[in-house]
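[1] no sequence for this one, just the structure:
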């Protein structure tokens, strides 16, 4: 019978082994991750020429980029739409669900660092082989077989009949892998980096969705401006038709003039339904971006609003802060971190794995005997697994992880370089469009003067109606180009803000998907 003193000594030995294992679990093999430091120009002008080219009314400054950049357009309707993106956009919600997956995977991976405990019980009715017992007794106790000492077994003709056994047991089982080489810690490190990459992927989806909403909104307002312009020009063409008909009826012009005027009216009117269809398409595009049914936003957006004006100053910050703002750069860095940590996992697999396991419970032939101390049973001991030969599997896993790290490093370098190209291209387009718009605006003013003079001189019989038509067409074309330029200019500014990676830092109303991912 085990005395209390002996039990205490054994418990102390177990505690000592656990403490020793905990002390040993401090070595971590594999490379430690060092965050790369991308090379950045001192300011954007060194990459993009002048920040304030001649003819530009909106200047790029080195002030910090605003977080809620859409507010700089001064359009409350746009700002209201942007505030709904995080909770309603499907791409953002999908990325949020992936974030929840990564968070759950981290919990699963971290669980390997803790002892695994389980409890159970069972009942077994067991019949032991009579031949086995008889052969064992014959071989080991030949003089006692058939004697009265075996009277507890019933048998005939020299055989032994063993009665069935009812075995009852319950136990608490535990196992714990000693993380001697940091395999579990490296796995948790990789899972944490993957979680952070998923968070930045979600931020990237949000930045893209914010930009898409802004671009579609600008395009919608530009189309509405073109529709209003087309309707105004239709009225002008109808007025010219009336004048041409009056002059023809008065014998001051040939039938050719009202015919040309009628053709101009029809070609101008033909553009109206096309613009209305494009407007409906833009409303649908915005509805889809916000997870709404077709034309769900029509009531909000059907009332025309002018195309927003670009601000006189656009703060773009410094290039050195781009890596911290761009979610794709942040995600690429964390993917590189995860790939580096996975090398440590692969290296640790070459070393022995030590697991402490134990079980404490009771075991008896009768259920009523289980609660008694005499039914106590336990087992405890370490297990060691040494990878002697794996057919090259471990080496292949290590080579795979190293190659994946190289791939992640190349992807990081490409992502950083692409980001600077995005900013440079967006700034160039924005500055060039400002100069282009200034020229178009001047041409519109000149075309308006030419149109007024042509109409006056036609009434006085000084020019033909063909001169009036040419002036109308030139004015209409220039006005449409100006409306297009206003839309393009706004979209180029949106592209700058997108390239700078802003917007994800805003505290948006969270959808249920976001709340789930944050748990």
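    Received the coordinates, thanks. Nothing here was measured: the structure is a model prediction, and the numbers come from that model. Numbering: from 1, shown residues only.

[2] tell me where the model's unsure across the stretch 201-350 of the chain.
    Regions of the stretch 201-350 of the chain meeting the criterion pLDDT under 70 are absent.

[3] for the record, mean pLDDT for the helix or strand encompassing residue 445?
    Assigned by DSSP states H and E, residue 445 falls within helix 393-459. For helix 393-459, the mean per-residue pLDDT is 94.

[4] same deal with stretch 99-115?
    93.

[5] returning to what we had before: off-centre distance for the helix holding residue 445?
    23 Å (Cα atoms, centre = their mean, to the nearest Å).

[6] over to stretch 31-51?
    Between the mean C-alpha location of stretch 31-51 and the chain-wide mean there is a distance of 24 Å, by Cα atoms, centre = their mean.

[7] contacts for it, please.
    Contacting residues not belonging to stretch 31-51 are listed as 59-62, 189, 193, 316, 318-320, 322-323, 329, 333, 336-337, 340-341, 343-344, 409, 412, 416, 420, 423-424, 427-428, 431 [Cβ atoms under 8 Å, 6 or more residues apart in numbering]. All C-beta spots, glycine's among them, are computed from the backbone N, C-alpha and C.

[8] for stretch 309-326, same thing?
    Defining contact as Cβ under 8 Å, 6+ apart, one finds that stretch 309-326 is touched by 38, 40-44, 47, 57-66, 72-74, 329-330, 333, 415-416, 419-420, 423, 427, 430, 489-490, 493, 496, 500-502.

[9] and that stretch, end to end?
    Distances were taken as Cα to Cα, to the nearest Å; on that basis the terminal residues of stretch 309-326 are 26 Å apart.

[10] for it, buried residues please.
    In terms of neighbour count (16 or more other Cβ atoms under 10 Å), stretch 309-326 has its buried residues at 310, 311, 314, 315, 316, 317, 319, 322, 323, 325, 326.

[11] farthest-separated two in the residues you listed?
    Checked with Cβ to Cβ, those reach their widest spread between 310 and 323, with 26.6 Å between them.

[12] picking that back up, out of the buried residues of stretch 309-326, which are inside helices?
    Helix and strand membership here follows DSSP state H; of the buried residues of stretch 309-326, those in helices are 322, 323, 325.

[13] between the buried residues of stretch 309-326, which is closest to residue 388?
    Distances from residue 388 to the buried residues of stretch 309-326, taken as Cβ to Cβ, are shortest for residue 323 (45.7 Å).

[14] remind me, longest strand of the protein?
    With secondary structure taken from DSSP state E, the chain has its longest strand at strand 165-178.

[15] what's the angle from the very next helix or strand once past that strand to helix 393-459?
    Past strand 165-178, heading to the C-terminal end, the next element that is a helix or strand (DSSP H and E) is helix 183-249. With axes from the mean of the first three to the mean of the last three Cα atoms, to 10 degrees applied, the angle from helix 183-249 to helix 393-459 works out at 20 degrees.

[16] name the helices or strands packed onto helix 183-249?
    helix 76-82, helix 85-88, helix 90-110, helix 256-289, helix 327-348, helix 393-459, helix 465-499 (3 or more Cβ pairs under 8 Å, 6 or more residues apart in numbering; DSSP states H and E).

[17] let's go with 7 Å and repeat that
    Contacts of helix 183-249 with other secondary structure elements, assessed using 3 or more Cβ pairs under 7 Å, 6 or more residues apart in numbering; DSSP states H and E, are made with helix 76-82, helix 85-88, helix 90-110, helix 256-289, helix 327-348, helix 465-499.

[18] so how far is the first one off the chain centroid?
    What that stands for is helix 76-82. Between the mean C-alpha location of helix 76-82 and the chain-wide mean there is a distance of 23 Å, by Cα atoms, centre = their mean.

[19] can you check the shortest one too?
    Mean-position distance between helix 85-88 and its chain equals 13 Å (Cα atoms, centre = their mean).

[20] looking at that helix now, give me its mean pLDDT.
    Mean predicted lDDT for helix 85-88 stands at 92.

[21] in that helix, what's buried?
    Those would be 85, 86, 87, 88, for helix 85-88 by 16+ other Cβ under 10 Å.

[22] ok, the closest residue to residue 84 other than its chain neighbours to residue 283 distance?
    Once its chain neighbours are removed from consideration, residue 84 has its nearest residue in residue 290; the separation is 5.5 Å (Cβ to Cβ, 6 or more residues apart in numbering). Taking Cβ to Cβ, to the nearest Å as the criterion, residue 290 is separated from residue 283 by 11 Å.

[23] just give me the closest of the ones in helices among the buried residues of stretch 309-326 to residue 103.
    Nearest to residue 103 among these, with distances taken as Cβ to Cβ, is residue 325, at 23.5 Å.

[24] show me where pLDDT drops low in the stretch 51-200 of the chain?
    Low-confidence segments of the stretch 51-200 of the chain, defined by pLDDT under 70, span residues 51-56, 133-160.

[25] swap the cut-off to 90 and go again
    51-65, 112-113, 120-171 (pLDDT under 90).

[26] that'll do, ta.
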